[in-house]
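Novice: Have a look at this fold, sequence not included:
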């Protein structure tokens, strides 16, 4: 591989530009096709019937009543559902989650699918599902963090260790001048992407075409291949646009597979779309946590010990543990740090990755505890954080590949006006008499790299193609990856054919862990570099070329031409090179993957600082986040317009975490009682009057060849804690339970 | 039993026959007329993704029974650009949403845009960002694009109120 | 949603006749009824569509004072009617604090009066609910009760009425005009609703076939226009049901309160007229002390129905605040955030 592949990518004509979204026209005209917008010939509608109980079995279903309803074609239940080639409870790797696919009559959680009604119209299928009138044998459910005996999990999150520590925390606490022990609770949350999980499935013999939103096309294809015993090559999964994912579309969910089964059963194309209330069960959630932190400091306010314990819940039949304590492994310097998790098993659907899994919940508790400790030390919260600034990763001791957190603190504080914060809680008011509070939090999200492949091509007409099965769930992959591709090939964006979003393209891995742009971008960069190397070989070995003899490290690409580094006046167009060589095109594959050596040597994270202003009615308790300023350093910014939007979105999720989101579960039934968007609150426009995001410069030579860290999830971290701390500063009331609601502030 | 109604959809008169009285305006548009731009996010009037204009007013098409709208004039995202000026690729609100990055995943976007057009047409928010935010609060955006949405609405409102542009959609 | 007969009524008489059948329901905008039908809470066998009935969509300012509002007037049309908003500002503010612009554009006046509770156990067909299924029991009683009633509830039902609009309306002695099989009659809005007692399924005094054709506000209601506010505490800044709300309207005589009209929302199964508060305020000086005593007079009857004792204190403070704002005077322009704690008003006199 020539040098050109691993050279730090250039700031070309595209990377760094605040381009508008390339899919923008389609999205503002309603022409972008989401899964449920597909209407193949002969389409039938399928509606899932879900369980009202959380544990037990389905004793009976009135299939006859459903079938008697005009328009109903078939009812798929445990008795006639297609048998699968693979047990949906089999778990060959930690990313295979157990699915409920009508292979038995067992009920493991409320809103579990128990039947599917297939009809000529949506109206008939919907009513058919109601007419099934299931009867159950009910076992009492186990719900809530106090329901069972906590166990230490084998792993948390995506296979992280449950316990990681360094030093002697107890000794550190014993020696401490000041100690804080505090417990925070976070509520169960549901992703609630605005697009419900949907699938249109079409069988053609043993060929299967599905339109369904996916953050992981290749994994979805492999899951279907396993369950249906198919050759993966005979499956096409299309997901050009996702109506949001946030982790809930990372793995194929049970209801999506049911759509494929329904199409197989009736031998016609089937569309299955979850109803909003059905999103509260079979497609994952963020489990509740109870986090206890113990901190000690010496007389100067330096931490002597930090202990972070998380109690969380997983389902009774599968494993996913919210890794909430993990953030304490990375953030604040302390000679002794202990991070631990334990979990109980409850009768809910299996929790899953949800935007900043672990970090979001952990951050709100850690930042609250840090705020409490700063106050105990009599220090400004920013000053306290600076005194405990980690120069190396606290537990591993590794240096950071880059860390511009000090600049984030400084720029964020300046923009926000942090120096105007009164040191005493409940001391600031606006002109109308409302309480004003300022709070801050540190943001952090690991800079991960996954695995991806891409294909690149340059043709004799000077145009190029980059193709990979990448995923745009709103973060802007259609735009940002195309910018990387154009620069990688050294052509203008309008000369680029960028193909993405289907499973027949090279495997771009998963859009998750805030790593998609970095990983897929690296694959693109590498594929493009390999194409350019072939072009360079053709040109520099050809006496007729002005580039002859330059060697392929002696040229670079720009504007559709290869240019000599030692004499920029000498260049040749791609088309000339290919035409002279009698080639119609050159193409190559490239990969993106973590570099084990640099990962071993360095700790890699994006950082940020978030400052929040809240306004609170002193009598009525109602809260509004009147201002948010976030300053983030995440390596190279591919597209500042899109990156800013990612930070805004993440920070609004922080507002939501701090003040709004909570699944209210009735412990008697195990049902979510607010399984709708009217009462499961997420912020509305009026909740977000002012947000500012500062893109702090950061150069990272180690994280990947492009120098990109992720931006999709970091915004939620820091923000929720900053808001909770601002609520305390406004009122003098420390609420250690999110969401913080007005009734907790009536005093 | 067949139910008949007439609607004007994006300027075109449509004689519609329904075999079922239960069809909502949203399901009529999406499943029977092939106009899938309007989105179903909740189907219960709680998210705004299905917002269309009926007789010039923004409403949730998921909570409107198609039959009861007999005779109505319906404008959806598909017909928006042409509603102002035939041949224009984009309505000013659509252009402003792109310019201000007033969306991410795009799923709520048709509803946001139709709601914004309705809001501007109502003429009560003016250039007051707080009134725009309140007026757009019936449209959830889970991605959190509210800042860009508010800017886009204010910008489009100003452009449409500009000289010679007229104030209505 | 069940399959139903669809009947489009051409006249009020036709509508009443068609809806008197068991299992029939009126359909206007459908913003509440279709929601209930999609949730399988309502399964009417027949829908009588009244949206095309002539003459029910007018706002009439009556010669002797007072306003008559047709049942089919859309919420937003009433709120933005300049004359109505000027004479009944708290009603307009309440309307604009409810739901979303889209729902207000569709929802009718009569539909708003008759919207059903948002109690999650009522909305969950698998839960026991005496309102849906008389005698079945009430799962809300020992369930999630943060938003449930603190006034007028019974062991059989602790739900609340969700309307904002109705709160100032009951305080201003609104009357509904009803057409039924037995002819036309007027019912004070406050008397339209029943408290739950032992039969929470009987929500109103309406008989099968009864059709609300208009809502009337008496001439006196406009006498409060200069000092009339609605204030709504909620869990997000907009597009949320009230946790607790209050309407306060004052008429001054000299420096003292001549007459006060006060009602609470979100605390009971009906919009709660705070007559005891009004009695304390009659002739009183407008100050924090009299407002507090007046609030206490109504809330002396309040009891938590579960984990909601905070609502009693919140309602007390809200009455005081609403009275304070009303005393300060109706703002010239509708606040950007109607009825909001963040509407820009000074919090204290």
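Specialist: Yep, that arrived. Computed from a predicted model, the values in this text were never measured in an experiment. Residues are numbered from 1 along each chain as shown, chains lettered A, B, ... in the order given.

Novice: need the contact list for residue 65.
Specialist: Answering for chain A, as no chain was given. Residues in contact with residue A:65 (CB atoms under 8 Å, 6 or more residues apart in numbering or on different chains) are A:131, A:132, A:133. For the C-beta atoms, the positions are set from N, CA and C on the backbone; glycine is no exception.

Novice: if you could check chain C rather than the one you did, that'd help
Specialist: Taking CB under 8 Å, 6+ apart as the test, what residue C:65 contacts is C:218, C:219, C:222.

Novice: okay if I get those as TSV plus pLDDT and distance to chain B?
Specialist: Converted to TSV, those look like this (pLDDT from 0 to 100; distance: CB to the nearest CB, whole Å):
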residue	pLDDT	distance to chain B
C:218	98	29
C:219	98	28
C:222	98	23
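
Novice: So which of those is surrounded by the most neighbours?
Specialist: residue C:222 (21 neighbours; other CB atoms under 10 Å in any protein chain shown).

Novice: my read: it touches residue C:87, true?
Specialist: Yes. Between residue C:222 and residue C:87 there is a contact at 4.0 Å, judged by CB atoms under 8 Å.

Novice: anything in contact with each of those two?
Specialist: residue C:67.

Novice: where exactly do the helices run in the stretch 101-250 of chain C?
Specialist: Here the stretch 101-250 of chain C has its helices, by DSSP state H, counting those that start in this stretch, at C:101-106, C:109-113, C:166-171, C:189-192.

Novice: hmm, who's touching the third one?
Specialist: Spelled out, it's helix C:166-171. Applying CB under 8 Å, 6+ apart, the external contacts of helix C:166-171 come out as C:88, C:90-91, C:93-94, C:112-113, C:189-190, C:215, C:217, C:228, C:230, C:245-249, C:261-265, C:270-274.

Novice: what's the answer for the second one, then?
Specialist: Defining contact as CB under 8 Å, 6+ apart, one finds that helix C:109-113 is touched by C:28-29, C:31-33, C:69-75, C:78, C:95, C:98, C:163, C:165-166, C:169, C:176, C:189, C:192, C:212-213, C:215.

Novice: thinking again about what came up before, which among the contacts of residue A:65 gets closest to residue C:42?
Specialist: Nearest to residue C:42 among those is residue A:131, at 15.9 Å by CB to CB.

Novice: My guess is the closest one contacts residue A:69. True?
Specialist: Yes. Contact between residue A:131 and residue A:69 holds when scored by CB under 8 Å: they sit 5.8 Å apart.

Novice: pLDDT value on residue A:70, please?
Specialist: Looking at residue A:70, its pLDDT is 98.

Novice: SS state for it?
Specialist: What DSSP: H, G, I helix; E, B strand; the rest coil gives for residue A:70 is coil.

Novice: How about it, nearest residue that isn't a chain neighbour?
Specialist: Using CB to CB, 6 or more residues apart in numbering or on different chains and skipping the chain neighbours, the partner closest in space to residue A:70 is residue A:124 (6.4 Å).

Novice: isn't there a helix covering that neighbour?
Specialist: Yes. The assignment for residue A:124 by three-state DSSP puts it in a helix.

Novice: Against residue B:23, how distant is it?
Specialist: Residue A:124 sits at a distance of 11 Å from residue B:23 (criterion: CB to CB, to the nearest Å).

Novice: Residue C:184 now?
Specialist: Residue C:184 sits 35 Å away from residue B:23, going by CB to CB.
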